[in-house]
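Asker: predicted model and sequence follow; I will ask about them next.
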Amino acid sequence: MVEPRESASKAREVLGLLGFLLVATAQVSNMILARGVAGSVPPFSIAFFRWTIVALGLLPAVVMALREKPGVLQGQTFGIVAAGFLGMFICGGPVYLAGVTTSAINLALIMALAPLAVLLFSFISGQESVRRNQIIGMLLSLTGAALIITKGQASVGASIVTGDLLALLAMLGWAGYTLLQNRVGSGVSFLARIGLFAAAGALFSLPFAIHEMWSAPSAAFSTRAPLVYLFAGLVPGLFAYSAYAYLGSKFGAVSTSLSLYLGPIVSAVLSILFLGEAPTTIHLIGGALSLGGMWLSLQAKQSGR
């Protein structure tokens, strides 16, 4: 007979896994969107409306935080702006622009390397010491990334596409954002910080969006465009961040690793279903090396080996 407490624990684990899967799906839907609307809706216009919707949606959290703790963000303007630039601007328009020339699977696999970039930066800057298993994991991940970006071809210049380089830029931006986000605005809630970063990202995207609207109004204001803007703001925007915050409060750090590893897998499935783009052998080999190496590095960091 199964104890009620054990049964409740198992049910919680199953619901948690489903929740992480849902969050991962919402997160990678942004890459599917980038590839699906590539060239038909201007990239920085999508980014501007996405972050504007997120900022407006989280405005109550920001207002509540500032009412509870007046002056808590004093002197942190530069940090908030920098986080918004790296996490929302660099990981906004360039990602949608990348979708024109690279696949959603490539986007997901390259973006999944961000924790490794954080670890590497921490090592180079002397913030952390790196152990043997972490070095092995880094080398495996970098080998996998090189395979994905070069498509396994010896002639590097001919095989690298602009979209992969933009995805690499976005990944490095996200790594920088990851290093900043918990150090900036730590006196307010996670969602209030996201609201502030999103507002900064929207402002950085605005000049580029205005240029797109002026030069290509038929694309920026097409009948399809509002639906794209709304989807980008609600699904990989408000829902993904809010659900991630909720799961993080309920399940702790495990939420980060689960959504991290589930992302590329979900991306591959959604690419097949919605884009008709199946993963290639290079994707499978490169993805296994990248994710396996990243798992080894993060496990070594947690266990201290």
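Answerer: Structure's in. What do you need?
Asker: how about residues contacting stretch 207-215?
Answerer: 42, 43, 44, 45, 47, 48, 49, 93, 219, 220, 221 (CB atoms under 8 Å, 6 or more residues apart in numbering). For the C-beta atoms, the positions are set from N, CA and C on the backbone; glycine is no exception.
Asker: and the residue lying closest to residue 177 once chain neighbours are set aside, how many neighbours?
Answerer: Distances taken as CB to CB, 6 or more residues apart in numbering put residue 87 closest to residue 177, at 3.0 Å, once the chain neighbours are dropped. Counted with other CB atoms under 10 Å, the neighbours of residue 87 add up to 25.
Asker: quick one: residue 234 from residue 276, how far?
Answerer: Residue 234 is 25 Å from residue 276, where distance means CB to CB, to the nearest Å.
Asker: who's more crowded, those two?
Answerer: Applying other CB under 10 Å to residue 234 and residue 276 shows that residue 234 carries more neighbours, namely 16 against 7.
Asker: need the three-state assignment for that one.
Answerer: State at residue 234, reduced to three classes by DSSP: H, G, I helix; E, B strand; the rest coil: helix.
Asker: surely it touches residue 56?
Answerer: No: using CB atoms under 8 Å as the test, residue 234 is too far from residue 56 to be in contact (11.3 Å).
Asker: find the least confident helix or strand in this protein, judged by mean pLDDT.
Answerer: Sorting the helices and strands of the chain by mean pLDDT, DSSP states H and E puts helix 156-159 at the bottom, at a mean of 49.
Asker: with adjacent residues omitted, what lies nearest to residue 108?
Answerer: residue 267 (3.5 Å).
Asker: from residue 209, how far out is that neighbour?
Answerer: 26 Å.
Asker: of those two, which one has the most company?
Answerer: Neighbour totals were compared for residue 267 and residue 209, and residue 267 leads with 32 against 21 (other CB under 10 Å).
Asker: which among the contacts of stretch 207-215 count as buried?
Answerer: 42, 43, 44, 45, 47, 48, 49, 93, 219, 220 (16 or more other CB atoms under 10 Å).
Asker: just those now: which is nearest residue 17?
Answerer: Lowest distance from residue 17 to the buried ones among the contacts of stretch 207-215 (CB to CB) belongs to residue 47, with 31.0 Å.
Asker: quick one, phi psi at residue 38?
Answerer: phi -50, psi 120 (degrees, to the nearest 10).
Asker: what's the local residue count around residue 53?
Answerer: Residue 53 is flanked by 20 other residues according to other CB under 10 Å.
Asker: er, residue 164 I mean
Answerer: For residue 164, using other CB under 10 Å, the count is 23.
Asker: re earlier: show the contacting residues for the residue nearest to residue 108.
Answerer: With CB under 8 Å, 6+ apart, residue 267 has these contacts: 28, 31, 32, 104, 105, 107, 108, 109.
Asker: so of the residues you listed, which ones are in helices?
Answerer: Among these, the members found in helices (DSSP state H) are 28, 31, 32, 104, 105, 107, 108, 109.
Asker: any chance of the residues you listed in TSV with neighbour count, distance to residue 180 and pLDDT as columns?
Answerer: Converted to TSV, the ones in helices among the contacts of residue 267 look like this (neighbours: other CB atoms under 10 Å; distance: CB to CB, whole Å; pLDDT from 0 to 100):
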residue	neighbour count	distance to residue 180	pLDDT
28	29	23	91
31	32	23	93
32	24	27	95
104	27	27	89
105	29	28	85
107	28	22	89
108	26	23	86
109	29	24	82
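Asker: just these now: which is nearest residue 248?
Answerer: Comparing every one of the ones in helices among the contacts of residue 267 with residue 248 (CB to CB), the shortest separation belongs to residue 28, at 18.0 Å.
Asker: ok so, going back, and after the least confident helix or strand of the chain, which helix or strand comes next?
Answerer: helix 162-181 (DSSP states H and E).
Asker: how far off centre is that next one?
Answerer: 9 Å (CA atoms, centre = their mean, to the nearest Å).
Asker: could you give the angle of the helix or strand following it to helix 162-181?
Answerer: Using DSSP H and E, the helix or strand that follows helix 162-181 in sequence is helix 190-215. Helix 190-215 runs at 150 degrees relative to helix 162-181, counting by axes from the mean of the first three to the mean of the last three CA atoms, to 10 degrees.
Asker: wait, residue 287 sits on residue 147?
Answerer: No: under the criterion of CB under 8 Å, residue 287 is not in contact with residue 147, lying 9.0 Å apart.
Asker: what about those two, which has more around it?
Answerer: Neighbour count, other CB under 10 Å: between residue 287 and residue 147, residue 287 has more, with 24 against 21.
Asker: mind checking the SS state of that one?
Answerer: helix.
Asker: pLDDT score assigned to it?
Answerer: Per-residue pLDDT puts residue 287 at 79.
Asker: what does the one 4 residues further on give?
Answerer: The predicted structure scores residue 291 at 76 on the pLDDT scale.
Asker: thank you kindly, that will do.
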